[in-house]
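>>> pasting the sequence and the predicted model now:
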Amino acid sequence: MKAYKILLILFVAGMLVCSVEAVSAQCAMCTASVESNAKSGSTTANGLNHGIMYLLAAPYLAVAIVGYIWYKKYRRKNVDLNMRDEKLHLN
């Protein structure tokens, strides 16, 4: 059963990798403007790509900062477990 699950996950991952298709994520006016500027030698396309990467990274950075603050604030320090020296019997 475990081998079946691994095989299924590998199959789905393989299908996702093999079914890559180019998409256009900009509006028609932005695409036309960037394409015409890129053909004329302008670097507007690079600025647009950097802006997209900035907007992509911002939520991940915010979640990482909140997670780090939460970890630092709520982690336990100097916890005494009070374990007995006797052997544990599971009968």
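Yep, that arrived.
>>> residue ranges with poor pLDDT in this structure?
22-26, 76, 78-81, 83, 91 (pLDDT under 70).
>>> quick check, central residue of this protein?
Nearest residue to the geometric centre of the chain (C-alpha atoms, centre = their mean): residue 60, 7.0 Å.
>>> that one: helix or strand, and which one exactly?
Assigned by DSSP states H and E, residue 60 falls within helix 44-74.
>>> check which helices and strands that helix is in contact with.
helix 28-39 (3 or more C-beta pairs under 8 Å, 6 or more residues apart in numbering; DSSP states H and E). Where you see a C-beta, it was placed from the backbone N, CA and C, and this is true even at glycine.
>>> quick one, the helix it packs on and helix 44-74 angle?
Calculated by axes from the mean of the first three to the mean of the last three C-alpha atoms, to 10 degrees, helix 28-39 forms an angle of 120 degrees with helix 44-74.
>>> what's the separation between residue 70 and residue 20?
Separation of residue 70 from residue 20 (C-beta to C-beta, to the nearest Å): 36 Å.
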